[in-house]
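K.L.:
Quick one, fold the following:
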Amino acid sequence: MWYHGFPQHGCVDRNPSVKPSIPAEIHAAVSVEVSSGALRMGQMSEERLELRQLREYLSTLPPGPIAEAERVETLLAACWDDFAGSGQSRTDASKLRGRTEEMMWSPPCLTFKIERHPGTVHGSVYAQLHKWTVNVDDRRAEVNEFAGRRVVGKKDKPLKVKSLAEEIAGLIKRGEPSPRLCWKSQSKVRLEIKKIIPTTNKETTASRRKRFREALQGVLSPIGWRMTTVNTFERTGSGDSADLHQ
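P.N.:
I've put the predicted structure just below:
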């Protein structure tokens with residue numbers, strides 16, 4: 001059997017100018033694969049350099065709490081994106097430096113906590129603690145977003161909304177003028193809610209105002225007043241007109 005570019009079996013090819021031919025499409029595919037492989041090897045080498053530095057440093061540490069957490073933070077931040085799952089909770093390398101707590105080394109896992117403040121943006125006084133577990137061998141990172149919380153803002157003093165509701169209800173029942181009330185008519189009044197419950201912590205203020213309106217509605221309903229819109233009450237039932245503001 002003859003093969004293109006090769007001598008017949010048992011014969012000697014004495015013409016050095018005759019070389020085996022390789023189809024162009026195979027040659028191109030091999031070239032692309034070799035180039036791609038070289039590129040991947042280069043990328044892996046670059047990633048592994050920083051990851052290797054982290055592993056080598058951790059290998060010198062005994063299991064347990066890590067005293068020099070800053071050094072580990074720097075090494076970990078340099079290869080943070082190489083760990084699968086590292087982007088959870090919108091955590092990037094910049095959130096590691098100077099912010100880790102309770103860092104522990106338990107080969108092959110590194111654990112630590114980070115204080116996050118998503119709730120404080122909306123007025124919460126609490127910060128959430130996220131606990132990370134980073135496996136430096138498997139290159140995987142996992143986070144527990146419910147590892148705890150701590151107070152980072154000033155708490156407002158408790159407000160007794162029931163007694164406040166009874167006080168405002170008395171003003172409305174008697175029709176008395178007050179900076180905390182805006183009378184639209186003898187049977188319609190709007191609460192100046194910011195004067196009744198001043199704005200402090202956003203979440204706390206919203207909760208207090210809601211509980212206050214509910215308590216006020218409970219006091220006014222039996223005497224014929226109901227809340228028609230937020231912070232506005234109207235007298236719809238029969239009552240003593242003499243008690244209304246003239």
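
K.L.:
For this protein, which element, helix or strand, carries the lowest mean pLDDT?
P.N.:
Lowest mean confidence among the helices and strands of the chain (mean pLDDT, DSSP states H and E): helix 24-59, at a mean of 63.

K.L.:
Please state the offset of the following helix or strand past it from the chain centre?
P.N.:
Downstream of helix 24-59, the first helix or strand assigned by DSSP states H and E is strand 64-65. Centroid separation for strand 64-65 versus its chain: 27 Å, with Cα atoms, centre = their mean, to the nearest Å.

K.L.:
what are the pairing partners of strand 64-65, and which direction each?
P.N.:
Strand 64-65 has its sheet partners listed here by DSSP bridges as strand 100-106 (antiparallel).

K.L.:
what domains does the record give for the protein?
P.N.:
Domain ranges of the chain: 44-151, 161-243, per automatic domain parsing.

K.L.:
Would you mark the buried spots in stretch 101-111?
P.N.:
For stretch 101-111, burial by neighbour count (16 or more other Cβ atoms under 10 Å) applies to 103, 105, 109-111. For every residue, glycine as well, the C-beta is placed using N, CA and C.

K.L.:
can you pull the contacts of the most centrally placed residue in the chain?
P.N.:
With distances taken as Cα atoms, centre = their mean, the residue of the chain nearest its centroid is residue 89 (4.5 Å). Counting by Cβ atoms under 8 Å, 6 or more residues apart in numbering, residue 89 touches 116, 130, 143, 145.

K.L.:
Those in strands, which ones?
P.N.:
Those of these mapping onto strands are 116, 130, 143, per DSSP state E.

K.L.:
Run through this protein and note the low-pLDDT ranges.
P.N.:
1-47, 118-124, 152-156, 237-246 (pLDDT under 70).

K.L.:
Tell me where it has strands.
P.N.:
64-65, 100-106, 109-116, 126-135, 140-144, 149-151, 181-185, 188-191, 225-229, 232-235.

K.L.:
quick one, the second one and strand 126-135 angle?
P.N.:
Compare the direction of strand 100-106 with that of strand 126-135 by axes from the mean of the first three to the mean of the last three Cα atoms, to 10 degrees and you get 20 degrees.

K.L.:
What are the contacting residues of strand 100-106?
P.N.:
Under Cβ under 8 Å, 6+ apart, the answer for strand 100-106 is 58, 61-66, 69, 72-73, 110-115, 129.

K.L.:
What remains of these if I keep only buried residues?
P.N.:
In the contacts of strand 100-106, burial by neighbour count holds for 58, 61, 66, 69, 72-73, 110-115, 129, counting by 16+ other Cβ under 10 Å.
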